[in-house]
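K.L.:
Here is a sequence together with a model predicted from it:
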Amino acid sequence: MKAKLLALILGLQSLWILGMVGTHEWRLRSAPTVLLETAPVDPRDLIRGDYVILNYKISRLDGTLFKPALTNELRTGTKVYVTLVKEGEFHRAASVSLQPPTPDSGRVLQGEVITPWSLQFGASKAPVSVRVEYGLERYYVHEGTGQPQGKLTARISIPQSGHASIQQVFIDGKPYSEAMKTQTVHW
C-alpha cells in the first residue's frame, strides 16, 4: 500500500513538472517572433563557458517614449513594458509604459530598469534615456565561438506575458553556429 502511494505521489509530481515545462514550451513556440538588432559585449565566463552578451538597440530607451510621460524618478528593478513596431526588417521600441499592457497592445516586451537615475529634464521636460534589460542578454555558445565578427541579430519569441526568449541568433543573416564554423577562435 505504501509503495503504491509513493508511486502515485512521484507520478503526480512528475506529471506536474512535465506539464509546467510543456506549457512554457508551447507558449514560446506558438508566440509571435520579432527580429532585433544587437551587438556582442563579452565572450567568456570561466565557470559557465562561452557566451555572448547581447546589447540590443532597444536596451537604451529614449525618455520621450514613456506613455504617459514620467513624472517621478525610476529606480533599479522598476518593471517597464515596451511596445514594439516593425520598421523595415527589424522591430523598434514605439512606446514604454509602467503599466501592464492590454491584450490588444501588440508585441510587448517586459523589461526591468537596470540603472537608477534621477529625471534629467531637457528642453522637452522628459527624461533623457533609460537602460532596460529583458532577460535576453546572454546567449550561450560552443567553446571557442564567443567572439563573433559581423552584424548580430536575434529572433525573439514573445508570448502574451511579455517574458521573451531567444529563438536564434544570426551573424550577417546566418545562424550563429553555422556562421562561427568559419570564424572559430582558437585559444
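P.N.:
Received, thanks. Numbering: from 1, shown residues only.
K.L.:
Can you report how many residues neighbour residue 89?
P.N.:
Counted with other C-beta atoms under 10 Å, residues neighbouring residue 89 total 9. Every C-beta, even on glycine, is put in place using the N, C-alpha and C of the backbone.
K.L.:
Just confirm it contacts residue 36, I think it does.
P.N.:
No: taking contacts as C-beta atoms under 8 Å, residue 89 lies outside contact range of residue 36: 10.3 Å.
K.L.:
residues touching residue 80, list them.
P.N.:
61, 96-98, 110-113, 130, 132 (C-beta atoms under 8 Å, 6 or more residues apart in numbering).
K.L.:
What residue spans form the domains of the protein?
P.N.:
1-30, 31-180 (automatic domain parsing).
K.L.:
tell me the centre residue of this protein?
P.N.:
For the chain, the residue nearest the mean C-alpha position is residue 136 (2.9 Å; C-alpha atoms, centre = their mean).
K.L.:
In contact with it: list those residues for me.
P.N.:
With C-beta under 8 Å, 6+ apart, residue 136 has these contacts: 54, 56, 154, 156, 164-166.
K.L.:
farthest pair in the residues you listed?
P.N.:
Within the contacts of residue 136, two members stand farthest from each other by C-beta to C-beta: 56 and 165, at 13.9 Å.
K.L.:
Look at these two and report which has more neighbours.
P.N.:
residue 56 (22 against 18).
K.L.:
would you list every one of the strands in this protein?
P.N.:
For the chain, strands defined by DSSP state E occupy the ranges 33-40, 44-45, 49-56, 60-62, 79-87, 90-97, 107-113, 129-133, 138-140, 152-157, 165-171, 174-175.
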